[in-house]
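J.: sharing a model that was predicted from the sequence below.
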Amino acid sequence: MAKIEVKGTSVTVVSGDVDDYISLTDIARYKDSERTDYIIQNWLRNRNTIEFLGIWEQLNNPDFNPIEFDGIRRQAGLNSFVLTAKRWNESTGAVGITSKAGRYGGTYAHKDIAFEFASWVSVEFKLYLIKEFQRLKETEREQLGWDIRRNLTKINYRIHTDAIKTQLIPPQLTAQQTCLIYASEADLLNMALFGKTAAQWRDENPGNKGNIRDEANAAQLVCLANLETLNAHFIHQGLAQTERLALLNQTAIVQMKLLLADVGVQRLQGKQP
């Protein structure tokens, strides 16, 4: 669940496994904060709205009941016709609009339907809503990409530490001695990629509560994941640490040039790296 600000109105967006639903109640609040249910019902009793909802359900919902839909459509436009989201769902098996109770209760609709409702409320509001919704989705995509790269680094870290455990740590060492070996190998990668150890970075950034890897950008995280796997391979080959450092540093230089060049191409094409 997320909140976006549209023309001074906070609008709730609920992201599902496949589709996003937007609060019609929040959109209606832009028009009249005291009568949101009344505004939604007025929109639902409109014949054009019923036609739109019916077509949307037929395209997206295999369980939609067309017979019940035809009955509602024939009544639409009559002075006595009243329709609520609950009645619409119960009668037709619709999934495009839903009602939620509780703290974040209200009427929600699939983004396609929510944009149509927003257009009925205010064309200007609809345009700003689409803009802010797209901004939210872009932010989520960036965060997802960051999480994938971060998790890739963690997986390769496990491969790396397992190689250290089986090849570099003799039996009988104390826990403190073992930690020193792990730290030494971690700093081997830090030196190869960042040109400094974790301790050196902390000395240069005394006010930062994170660590050198927390501050890495996306390209550096990808490169670090590759270096961890490569170092694990070198460890199994029995290469000395100094030799591994030289090879890893050469690899880091080549990979970062390629990664940063790719980022530059994406920016020129108007894509977010």
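T.: Yep, that arrived. A quick note: this is a predicted structure, and the numbers were derived from the prediction, not measured.
J.: which residue packs closest to Asn61, ignoring adjacent ones?
T.: Val95 (5.0 Å; Cβ to Cβ, 6 or more residues apart in numbering). (C-beta placed from N, C-alpha, C; glycine too.)
J.: what's the answer for Lys86, then?
T.: Going by Cβ to Cβ, 6+ apart, Lys86 has Ser99 as its nearest residue, at 5.8 Å.
J.: for the one you found, list the residues it contacts.
T.: 85-86, 89, 105-108 (Cβ atoms under 8 Å, 6 or more residues apart in numbering).
J.: checking it next. Helix, strand or coil?
T.: strand (DSSP: H, G, I helix; E, B strand; the rest coil).
J.: where do the strands sit along the stretch 101-250 of the chain?
T.: Along the stretch 101-250 of the chain, counting by DSSP state E, counting those that start in this stretch, strands occupy 106-110.
J.: so Val11 touches Lys3, yeah?
T.: Yes: taking contacts as Cβ atoms under 8 Å, Val11 lies within contact range of Lys3: 7.0 Å.
J.: who's more crowded, those two?
T.: Val11 (26 against 11; other Cβ atoms under 10 Å).
J.: confirm that the more buried one sits in a helix.
T.: No: under three-state DSSP, Val11 falls outside any helix and is assigned strand.
J.: how much space between it and Glu57?
T.: 23 Å (Cβ to Cβ, to the nearest Å).
J.: pLDDT at Ile148, what is it?
T.: The predicted structure scores Ile148 at 56 on the pLDDT scale.
J.: and Tyr38, how many neighbours?
T.: Residues near Tyr38, counting by other Cβ under 10 Å, number 11.
J.: ok, and the closest non-adjacent residue to it?
T.: Tyr38's closest residue in space is Asp32 (Cβ to Cβ, 6+ apart), at 7.7 Å.
J.: that neighbour against Ile40, yeah?
T.: No: Asp32 lies out of contact with Ile40 (Cβ under 8 Å); the separation is 10.8 Å.
J.: these two - which one has more neighbours?
T.: A count of neighbours by other Cβ under 10 Å puts Ile40 above the other of Asp32 and Ile40, at 24 against 11.
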